[in-house]
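[1] Starting from these lines, generate the structure:
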Amino acid sequence: MKNSRSNSPDLISALRILKNSTAFRIATRTVKWPLAVASLVLLLATVVGLVAIDAQADLLVYLGGSGAHDWSDLPSMFSFFVFAQVAFESLQWGRRSLQNRISVAITGTLRRNISNKYSEMRYADLQLISSGDVAQLHASDASQLAGVWAEGILSFVATLVLTLGVSIFLTLQVGVSGLAFFLVLFVLVILAQRFARRTAPTLQKRAEYSALRLSVIQESVRSISLVKSLTAEEEFEHRVAKQAELEQDMKLQANAISCAYVPVFASLRWLGWAGLLLWVVYAPIFFGEPLVPVVLVGLVFSVNWYSSLLQDSFLFVGTYLSFIQVGAVSALRLDQFLDRPSARAQFFLPRTEEVDLAVEDVTVDYPTRTGQWALQNASMNALRGKLTVIVGPVGSGKSTLLRTLLGELSPSHGRVLRRTPLKVAYLAQDVALPSASLRDVLRYEFENLGHDDIRLGELLELAEFAQDLESLPAGLSTAVGERGVTLSGGQRLRVGLAQLSYFSDADALLLDDPLAALDAATSEALMAGLICGLWANKTRVVVTHSPALIARADWLVRLEAGRVVEQGPPAENTLIRPIRSNEHLSPTSF
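    Sure thing, here's the model as predicted:
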């Protein structure tokens, strides 16, 4: 614990971190008006509460002098006290409600920003981030940063303001003896800071262990087929149990610290009252006449009753500060993710209306090989509503060209052109499917789309998956496993094609070798049913080695060693042979 405590920022450092935090600025902008309203409600509640104290004290003094006056003023005094008290309670409820709304609003905004950033990242960058890290940002860090305002700053300030209000009121009523509560306030802040410094590292570690436990469960459950095939169930259970034990240990440590400090916080209020009463009793000896007993009793009873409403604030004042310190650590993690530079390609408008997608003199470097390029001075056009086929030997840059057109790779030189607006869909060589039923994989788990099994069956039939569907044990309800491990490579590819068909509102389709590992009959059926059938009016850019698909091309692009060596409509009398991995295309006139 000593090491983790040293890594946790103190209150001043935490506030500095939050001041410079991108995530905290996003959170503050989201709720700036609710924060202003909550601050106003807090001030009103304090004023109304002090009015309620004064009204109750006057009422008790009035009742204490029952023999000296009639009772004609009692109804109005009692009504005013009740009204003030109800108003105070209503304002307190309104402040707490606003704090809950602030927490929900900040959490939602941060999670949307996390999702947006994740969806904007390049494929290569996604490989550097684990799903567990993103899950921790969503489940833990977003809510902890929301707690900085909702449970930390606002609650702590509310405790200080209300306590300060009582102190000022007492000072005005009983003179210098009311300063006893100022001393209580001073000691309260010091102890709260010490409490926060001890609990913040523990709460931080608990959140980290909780996120790790969820990550282990998530990744293991998603890969349960692999876990079972390796007979690693016992290892999986051990990892989950270990993380749960560490999480529970941190919870017990936090509770132990609370048990040591909370009674101190609770007793501060009573210590303040003891000092006040002793001062009131002995002050006349040194300073003059005491207050009238009935006035003193009414005042003390009223303020004591009012301060009991602050009991919860006193009990958890240290926790409020620990929310700020833990939130600062979460802000650092969120900033590290949200401040990642966006490497999306910048798109320019094509020069002619006939072109949907194009690259002009583009050079793309290998991300991990300094000074080496995957594409060099490449230029090509994809015509609207036409089938553009990209051919070339293995390693010539075909997939790189597709990902550059998609915007996943940023060129170091040249321009990527795209018509606006243009919806572009992409099918990779290795189709990665989520761990879900085949039905939810095809619909990508969009629950609002409902169950439309008839349409899904029709699309699977177009994708030549009808017979495979009949052989699956549970049909559309069959779980495909993480990344589709229960399906063969050809089956995953055809499911991917059917998935593209389901979301048919894309204007352009980029397909990376969609006929690989398929026999001639299946390939011909896919070309007739989908590529040149259902998608005939869409802009299609397809990487392939299939002579049959090459023969159907409207525009042919040939790559060699990262360069576009030829492009144009294929000549009618040209026979194009299949391209094998160990050979280059011979020069051909298109």
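
[2] Mind checking what secondary structure the residue nearest the centre of the chain has?
    Residue closest to the average C-alpha location in the chain (Cα atoms, centre = their mean): Arg111, at 2.6 Å. Three-state call for Arg111 (DSSP: H, G, I helix; E, B strand; the rest coil): helix.

[3] and if you look at Arg95?
    Three-state assignment for Arg95 (three-state DSSP): helix.

[4] if I pick it, what's in contact with it?
    Shown in contact with Arg95 (Cβ atoms under 8 Å, 6 or more residues apart in numbering): Ala38, Val41, Leu42, Ala45, Leu154, Ala158. C-beta here means a position set from N, CA and C on the backbone, and glycine is covered the same way.

[5] one more time with 6 Å
    By Cβ atoms under 6 Å, 6 or more residues apart in numbering, the contact set of Arg95 is Ala38, Val41, Leu42.

[6] And the first one, which helix or strand is it part of?
    What it means is Ala38. Assigned by DSSP states H and E, Ala38 belongs to helix 32-64.

[7] Quick one: distance of that helix to the chain centre.
    Mean-position distance between helix 32-64 and its chain equals 38 Å (Cα atoms, centre = their mean, to the nearest Å).

[8] Buried residues, it. List them.
    34-35, 37-39, 41-42, 45-46, 48-62 (16 or more other Cβ atoms under 10 Å).

[9] follow-up on the earlier one: would you mind measuring from the residue nearest to the centre of the chain to Thr539?
    Remark: distance between Arg111 and Thr539 (Cβ to Cβ, to the nearest Å) = 34 Å.

[10] what do you get for Leu459?
    To Thr539, Leu459 is 20 Å away according to Cβ to Cβ.

[11] again, but for Leu91
    According to Cβ to Cβ, Leu91 stands 61 Å off from Thr539.

[12] More neighbours: the two, which one.
    Higher neighbour count among Leu91 and Thr539: Thr539, with 23 against 20, using other Cβ atoms under 10 Å.

[13] Would you list the phi and psi of that one?
    phi -80, psi 120 (degrees, to the nearest 10).

[14] That one pairs with what?
    Ala508 (DSSP bridges).

[15] tally of neighbours for Ile323?
    Not quite, residue 323 is Phe, not Ile. Phe323: 28 surrounding residues under other Cβ under 10 Å.

[16] residues contacting it?
    Shown in contact with Phe323 (Cβ under 6 Å, 6+ apart): Gly147, Glu151, Gly152.

[17] Point out the ones among those residues that are inside strands.
    Among those, DSSP state E puts none in strands.

[18] domain parsing for this structure?
    Listed by automatic domain parsing, the domain ranges of the chain are 11-338, 347-568.

[19] any idea which of those scores lowest on pLDDT?
    In terms of average pLDDT, domain 11-338 trails the rest of the domains of the chain, at a mean of 76.

[20] end-to-end on it?
    One end of domain 11-338 sits 24 Å from the other (Cα to Cα, to the nearest Å).

[21] Kindly report the same for stretch 530-542.
    One end of stretch 530-542 to the other measures 13 Å (Cα to Cα).

[22] Name the residues of that stretch that are buried.
    Leu530, Ile531, Leu534, Trp535, Lys538, Thr539, Arg540, Val541, Val542.

[23] Of the residues you listed, which pair is most distant in space?
    For the buried residues of stretch 530-542, the maximum inter-member distance is 16.5 Å, found between Leu534 and Val541 (Cβ to Cβ).

[24] give me phi/psi at the closest residue to Thr420 other than its chain neighbours?
    Nearest in space to Thr420, with sequence neighbours left out and distances taken as Cβ to Cβ, 6 or more residues apart in numbering, is Leu349 at 6.5 Å. Note on Leu349: backbone dihedrals following degrees, to the nearest 10 are phi -80, psi 140.

[25] what's the answer for the one 10 residues further on, then?
    Torsion angles at Val359 (phi, psi; degrees, to the nearest 10) stand at phi -130, psi 140.

[26] Tell me the buried residues in stretch 152-170?
    Neighbour counts over stretch 152-170 (16+ other Cβ under 10 Å) mark 152-156, 158-160, 162-163, 165-167, 169-170 as buried.

[27] and it, how far out from the chain's middle?
    Centre to centre, stretch against its chain (Cα atoms, centre = their mean), the figure for stretch 152-170 is 33 Å.

[28] What's the local residue count around Pro514?
    Per other Cβ under 10 Å, the neighbour tally for Pro514 reads 27.

[29] Show me where the stretch 51-200 of the chain has its helices.
    Assigned by DSSP state H, counting those that start in this stretch, the helices in the stretch 51-200 of the chain fall at 74-120, 123-126, 131-136, 142-147, 154-174, 180-222.

[30] would a markdown table of these with distance to Ala244 be doable?
    Formatted as a markdown table, these follow (distance: least, Cβ to Cβ, whole Å):
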| stretch | distance to Ala244 |
| --- | --- |
| helix 74-120 | 24 |
| helix 123-126 | 29 |
| helix 131-136 | 15 |
| helix 142-147 | 20 |
| helix 154-174 | 30 |
| helix 180-222 | 6 |
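
[31] Give me whichever of the ones you listed is most buried.
    Burial of the helices of the stretch 51-200 of the chain is given as mean neighbour count (mean count of other Cβ atoms under 10 Å); helix 142-147 ranks first at a mean of 25.

[32] gap between Ala498 and Val441?
    9 Å.

[33] Would you state the strands of the chain in chain order?
    Secondary structure of the chain (DSSP E): strands located at 347-348, 355-365, 373-383, 387-391, 413-418, 424-427, 508-512, 539-543, 555-560, 563-568.

[34] In CSV, list those strands along with distance to Lys117.
    Listed next are the strands of the chain as CSV, based on distance: least, Cβ to Cβ, whole Å:
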stretch, distance to Lys117
strand 347-348, 19
strand 355-365, 23
strand 373-383, 26
strand 387-391, 31
strand 413-418, 21
strand 424-427, 20
strand 508-512, 23
strand 539-543, 27
strand 555-560, 33
strand 563-568, 33
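
[35] Neighbours of Pro570, how many?
    18.

[36] Quickly list what the nearest residue to it once chain neighbours are set aside is bridged to.
    Leaving aside its chain neighbours, Pro570 sits nearest to Leu556 (4.8 Å; criterion: Cβ to Cβ, 6+ apart). Counting by DSSP bridges, Leu556 forms beta bridges with Val389, Gly568.

[37] Give me the distance between Leu556 and Leu530.
    Counting by Cβ to Cβ, the gap from Leu556 to Leu530 is 20 Å.

[38] what's the answer for His238, then?
    According to Cβ to Cβ, His238 and Leu530 sit 47 Å apart.

[39] What of Thr46?
    Going from Thr46 to Leu530 by Cβ to Cβ gives 69 Å.

[40] what does Val416 give?
    Distance from Val416 to Leu530, counting by Cβ to Cβ: 26 Å.
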